[in-house]
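Novice: Predicted model, plus sequence, below.
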Amino acid sequence: MRRADRLFQIIQILRRTPKPITADALAAELETSKRTVYRDIADLIGQRVPIRGEAGVGYVLEAGLDLPPLMLTADEIEAAVLGAQWVARHSDAALARAAEDLIAKIGAVLDMARVRAQIHAGRKIALCYRDEQGRESERTVWPVTVGYRETVRHLIAWCELRQDFRSFRTDRVTAAGFLDERYPERPSVLRTKWRRTLSQAKTTSA
């Protein structure tokens, strides 16, 4: 199980369990070690997830956690996509278009969720990118943040090829690989360096 999936699953277990649950029980359900559970719980608390724990008693999820309304498991997502594919093939034109739009939206949401997980974990992304002239290149990048310029979504990242920060339009990314390799910076340090380049650019332009 990927770490991002495991963190989400810990929250799900705590949400459905009204009584305190021990690290042993969490480790057994997640098929991992108690040490990993302790580390994951500490990370979640560091991200301000309202988890309260007591030695020898267990963990509980307190009120105040706000998750997006659509959080699906891998099996639920597969079921939704399979259903939408059937509708796209067997329904009238309007429903078929709606099903195709749904499949595209699910794909986009999943990709951006994985991008944000890579940003948080400080892991690299391998991109196949097509520029405005249609030229394709392969880049390994250190993702910093995702933002919008006008109506276009951009991935801001340090590019190993260019040895500089670059802004990649996500609609020009033809393929992406989410690598396990961490980049040699803490994510917070990389963001600080990126913000410094923005400040320097503003000063120069002024």
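Specialist: Great, that's in hand. Residues are numbered from 1 along each chain as shown.

Novice: got any ranges where the protein has weak pLDDT?
Specialist: 1, 55, 63-78, 103-110, 150-151, 201-206 (pLDDT under 70).

Novice: Grab the longest helix from it for me.
Specialist: Longest helix in the chain, counting residues (DSSP state H): helix 93-121.

Novice: which residues are contacting the first helix or strand past that one going along the chain?
Specialist: The C-terminal neighbour of helix 93-121 among helices and strands, as given by DSSP states H and E, is strand 123-130. Strand 123-130 has contacts (CB atoms under 8 Å, 6 or more residues apart in numbering) with 115, 118, 136-143, 155, 157, 168, 172-183. (Each C-beta comes from the backbone N, C-alpha and C, glycine too.)

Novice: what do you get for stretch 136-147?
Specialist: Applying CB under 8 Å, 6+ apart, the set of residues contacting stretch 136-147 is 112, 115-116, 118-119, 122, 124-131, 153-161, 165-166, 168, 170, 174, 179, 183, 185, 187, 190-191, 194.

Novice: ditto for stretch 32-44
Specialist: 1, 3, 6-7, 10-11, 23-24, 26-27, 30, 51, 53, 59.

Novice: Which of these lies at the shortest distance from E100?
Specialist: M1 (30.8 Å; CB to CB).

Novice: What is the neighbour count of G56?
Specialist: Per other CB atoms under 10 Å, the neighbour tally for G56 reads 6.

Novice: got it, and F168?
Specialist: 22.

Novice: That one against L155, yeah?
Specialist: Yes: contact criterion CB atoms under 8 Å: F168 and L155 qualify, at 4.6 Å.

Novice: Could you pick out the longest strand of this structure?
Specialist: In the chain, with assignment by DSSP state E, the single longest strand is strand 136-149.

Novice: Give me the sheet partners of it and which way each runs.
Specialist: strand 123-130 (antiparallel), strand 152-159 (antiparallel) (DSSP bridges).

Novice: Switch the ones you listed over to JSON lines, and while doing so, append distance to A99 and mean neighbour count to every line.
Specialist: Converted to JSON lines, those look like this (distance: least, CB to CB, whole Å; neighbours: other CB atoms under 10 Å):
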{"stretch": "strand 123-130", "distance to A99": "27", "mean neighbour count": "19"}
{"stretch": "strand 152-159", "distance to A99": "23", "mean neighbour count": "19"}
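
Novice: Output these as TSV; include the columns distance to R15.
Specialist: Below are these laid out as TSV (distance: least, CB to CB, whole Å):
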stretch	distance to R15
strand 123-130	27
strand 152-159	30
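
Novice: how about these, which one is nearest R97?
Specialist: Between these, strand 152-159 lies closest to R97; by CB to CB that is 22.5 Å.

Novice: Following element in sequence after that closest one, please.
Specialist: With DSSP H and E, the next secondary element past strand 152-159 is strand 164-169.

Novice: moving C-terminal of that following strand, what's the next helix or strand?
Specialist: Assigned by DSSP H and E, the successor of strand 164-169 is strand 173-182.

Novice: thought W158 was touching Y183?
Specialist: Yes: using CB under 8 Å, W158 is in contact with Y183, at 7.4 Å.

Novice: Mutual contacts of those two, please.
Specialist: W142, L190.

Novice: The contacts of stretch 32-44 in strands, which ones?
Specialist: Going by DSSP E, the strands hold I51, G53, Y59 from the contacts of stretch 32-44.
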